[in-house]
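[1] The sequence isn't on hand, but the structure is:
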């Protein structure tokens, strides 16, 4: 061929390449055009191209035979054969005796369906970096490749490198946009669904749009049995699936559930952790579904192709798993709420009962400052306090705590309060009131239930508080000289042993002296070191604030207890009464 004809042909091919490459940014479409152009430029039977992926140890070859012009895809190890040599040394090569050259990877010809006789391989260099390799295989009519063919392919290589790089970047951006869109859409869909089966189906359907897989499953961990339960699967044989009984730590799924880290397995046959779930599976990826850094389940994808999953797939699966964790937990909570609707209604009733026990107002007692405070826990507890008008100058003061929680505790407290009010109206003796209330509770409450309480009467004219302590936390009396006394006289807790005698004790209150009555929710709030707030801290807070109003003292105590308590501490009801004789 003359130089003029060669130049003319090269110029024509360059123009054709420019038009072909500028008309599309779709990666697969561009690759097909590149292969057709290489076949036409070199006059070859077949062509191949690959782009170097620096994150992988193998190469993805796209191969075209001009007989059917279909693109075949297969993988070979990086550095293998002539194309591996060209990629390493960035030098083109012509081989016209492929059968006798040991550098030629004949497996490529077999995979492509041809016998390799000759080839010409050219590196694709873009921006000074290796982009990939193009290769023309078997000169038509059993001819040989020459320098003219090499010049043409080298001339095209720069355009091909730029076009492939641009198309790859475009595909990456487009893929990233698709993934973000999918995550946005799945977030919207999941936020509108509270059914677990719907949530999991949406996750797999959306994931399929971004990651190619042949079978998949979502599995949840039973926190009690440590068994891994199959919640939703697609693509598996039901018989194979039925035989799977996994525990945490068993198989790839169990390993990820235990360790909480995603795993990519390029070849399941080479991984001893793999447990066969589908006879056609060749590669697998498993990602944990984590909530508060704890794996509550896994998403598992399997492919019938070797090495089908990469780091991008793992990153995307992790993002979907994060969405799944929140949605699964929300769906679980919704199911628990539906299942426990009766309990919620009962607790609401119990809370209303409990609120009705508390006094609507604090009595105005000349010479005294009185405050009551009840801070309920998130559960319904059994705390109670009350101020009871008896006669002029005498006020009943009661505080109590029922064992247990919930509506049962609220009902026992209702029984205690009704009995107490009734006996106060019939008796003036505190010991007699406690004796009769105890007998009534022994008759009405089941074994194991009880009430701790303190009942006292304040004689505001004579400044005497007479009380009986029925197994309750001992109230603190802070004397004007700083000494502390405990109001402990009385008897055992109520509702356990019938016909028990109780004693009562009067105490005289001097000016500025403070009495603090409280339930165990105050003293038994624990910090992160499992230390209770305790009576010593309570006394110190009382001493530091003794000159404040009763209301302020109760607020300061509550604040001190909250600051002491750990975030992990589950508060009991917190109830107190502050009684102070004014200076």
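    Cool, got the structure. Values in this document were obtained by computation on a predicted structure and should not be read as measured data. Numbering: from 1, shown residues only.

[2] drop to CA atoms for contacts and neighbour counts, all remaining ones
    Fine.

[3] Could you give the backbone dihedrals for residue 58?
    The phi and psi values for residue 58, taken as degrees, to the nearest 10, are phi -130, psi 180.

[4] got a list of what it touches?
    75, 76, 77, 78 (CA atoms under 8 Å, 6 or more residues apart in numbering).

[5] how about a cut-off of 6 Å?
    Counting by CA atoms under 6 Å, 6 or more residues apart in numbering, residue 58 makes contact with 76, 77, 78.

[6] measure the residue most central in space within the chain to residue 566 for me?
    Here the mean C-alpha position of the chain is nearest to the C-alpha of residue 291 (CA atoms, centre = their mean), at a distance of 2.0 Å. Taking CA to CA, to the nearest Å as the measure, residue 291 falls 21 Å from residue 566.

[7] same check, this time on residue 238
    Going from residue 238 to residue 566 by CA to CA gives 49 Å.

[8] Comparing those two, which shows the higher neighbour count?
    More crowded of residue 238 and residue 566, by other CA atoms under 10 Å: residue 566, with 17 against 11.

[9] Quick one: residues contacting that one.
    By CA under 6 Å, 6+ apart, the residues touching residue 566 are 527, 528.

[10] show me where the stretch 51-200 of the chain has strands.
    Secondary structure of the stretch 51-200 of the chain (DSSP state E, counting those that start in this stretch): strands at 58-65, 71-77, 93-95, 119-126, 129-139.

[11] Make TSV out of the ones you listed and add distance to residue 577.
    Below are these laid out as TSV (distance: least, CA to CA, whole Å):
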stretch	distance to residue 577
strand 58-65	76
strand 71-77	79
strand 93-95	95
strand 119-126	82
strand 129-139	80
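
[12] Show the end-to-end separation of stretch 125-132, please.
    One end of stretch 125-132 sits 7 Å from the other (CA to CA).

[13] what about the residue lying closest to residue 383 once chain neighbours are set aside, is that helix, strand or coil?
    Distances taken as CA to CA, 6 or more residues apart in numbering place residue 401 nearest to residue 383, at 4.5 Å, with adjacent residues excluded. For residue 401, the assignment made with DSSP: H, G, I helix; E, B strand; the rest coil gives strand.

[14] Residue 401 touches residue 385, doesn't it?
    No - counting by CA atoms under 6 Å, residue 401 stays clear of residue 385, with 8.9 Å between them.

[15] ok, so what distance separates the residue nearest to residue 383 from residue 414?
    Residue 401 is 12 Å from residue 414, by CA to CA.

[16] swap in residue 44?
    Using CA to CA, one gets 97 Å for the distance from residue 44 to residue 414.

[17] So these two - more neighbours on which side?
    The neighbour count for residue 44 versus residue 414, taken as other CA under 10 Å, is higher for residue 44 (26 against 19).

[18] if I look at that one, how far off is residue 161?
    To residue 161, residue 44 is 20 Å away according to CA to CA.

[19] and what of residue 532?
    Going from residue 532 to residue 161 by CA to CA gives 71 Å.

[20] Please apply the same query to residue 514.
    Distance, residue 514 to residue 161, using CA to CA: 88 Å.

[21] So for these two, which sits in the more crowded spot?
    When residue 514 and residue 161 are compared on other CA under 10 Å, the one with more neighbours turns out to be residue 514, at 28 against 23.

[22] hey, where'd the helices end up in the stretch 351-500 of the chain?
    Applying DSSP state H, counting those that start in this stretch to the stretch 351-500 of the chain gives helices spanning 406-426, 430-444.

[23] what residue ranges in the stretch 301-450 of the chain score low on pLDDT?
    Scanning the stretch 301-450 of the chain with the threshold set as pLDDT under 70 gives 335-336, 339-344, 346-347, 350, 353, 377-381, 406.

[24] Could you tell me the end-to-end distance of stretch 238-252?
    The straight-line separation of the ends of stretch 238-252 (CA to CA) is 20 Å.

[25] now do stretch 486-500
    This stretch, stretch 486-500, spans 22 Å end to end (CA to CA).

[26] Could you list the buried residues of it?
    487, 488, 489, 490, 491, 492, 493, 494, 495, 496, 498 (16 or more other CA atoms under 10 Å).

[27] Spit out the contact partners of the fourth one.
    Counting by CA under 6 Å, 6+ apart, residue 490 makes contact with 468, 469, 470, 502, 503, 504.

[28] Keep only those of those that are in strands.
    Per DSSP state E, strands hold the following members of the contacts of residue 490: 468, 469, 470.

[29] what are the ranges of the strands in the stretch 251-400 of the chain?
    Per DSSP E, counting those that start in this stretch, the stretch 251-400 of the chain carries strands over the ranges 263-265, 283-291, 294-303, 368-375, 383-391, 394-402.

[30] Nearest to residue 577, out of the ones you listed?
    strand 368-375 (4.4 Å; CA to CA).

[31] May I see the buried residues of that closest one?
    Neighbour-count burial for strand 368-375 [16+ other CA under 10 Å]: 368, 369, 370, 371, 372, 373, 374.
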